[in-house]
Structures are given as C-alpha cells and as structure tokens.
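Trainee: only the shape, not the letters, is given here:
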C-alpha cells in the first residue's frame, strides 16, 4: 500500500522578515546605475563578432604550410654490390628544392 505524504508548509515566519530585507536590497541594486548598465548597441556586438572571425581567419592564413616533402627513393644497391647483405644504414638527403632522397636500406615500420 503506498505511503501517504503530506505537503510541508512553505510559509516560515522568520523568513518573511529576511525576505522583505532581501527584496529591499534587490530594489536598491536595480536602482543603482553602476550595476544596471544598458546593453551595447547591436552594431557594436556584430562588429566585435566580425573582428573576432577576421582574426581567426588571418591566424589560419598566416600559418606556415606544413606539407610533406616529396620523397625520391634511390636504388638500394649499385650493380656492383647487388648481393651485399642489407645491413647498410638509411641515409636521408634533403635537396635544394625540398625533396628528400633516401639511400640505403628502406625504413621499416
């Protein structure tokens, strides 16, 4: 059988005195012009959003482009050392035009 609950009284005589004092303080707060400033004009808000968007766009445009360099794979061995065991190191060489040339064993991984 469900329990029967009774609603509690929300009127407390000690709170009414504090409540009236609180309401008077809220009225004083709303009357003080230092805390009741008008909202900025619509054109100022739109201008701030446009300037912010422009600054983000400019930051992205002026970032240096990081593209992967073109990699040229050199032949593993010359014809003279065709059957040499694959224990040679990997040599990377960056050419003047930004191309990376790999020599030696192929990188694993």
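Mentor: Done, it's in. The structure presented is a predicted model; accordingly, all values stated were derived computationally and were not measured.
Trainee: helix or strand right after the helix or strand bottoming out on mean pLDDT in the chain?
Mentor: Ranked by mean pLDDT, DSSP states H and E, the weakest helix or strand in the chain is strand 71-73, scoring a mean of 59. Downstream of strand 71-73, the next assigned helix or strand under DSSP states H and E is strand 91-94.
Trainee: distance of residue 97 relative to residue 27?
Mentor: As judged by C-beta to C-beta, to the nearest Å, residue 97 and residue 27 stand 76 Å apart. C-betas here are computed from N, CA, C, even on glycine.
Trainee: neighbour count for those two, which is higher?
Mentor: Taking other C-beta atoms under 10 Å, residue 97 and residue 27 do not tie; residue 27 has more neighbours (10 against 7).
Trainee: which parts of the helix or strand the more buried one falls within are buried?
Mentor: Secondary structure assignment for residue 27, by DSSP H and E: helix 13-31. For helix 13-31, a neighbour-count test (16 or more other C-beta atoms under 10 Å) marks nothing as buried.
Trainee: which secondary structure elements does that helix sit against?
Mentor: If contacts are counted by 3 or more C-beta pairs under 8 Å, 6 or more residues apart in numbering; DSSP states H and E, helix 13-31 sits against no helix or strand.
Trainee: what sits up against it?
Mentor: Outside helix 13-31, the residues that touch it by C-beta atoms under 8 Å, 6 or more residues apart in numbering are 35, 36.
Trainee: by contact count, what packs against the helix or strand following it?
Mentor: Scanning forward in sequence from helix 13-31 by DSSP H and E, the next helix or strand is helix 42-61. Packed against helix 42-61 by the contact rule (3+ C-beta pairs under 8 Å, 6+ apart) you find no helix or strand.
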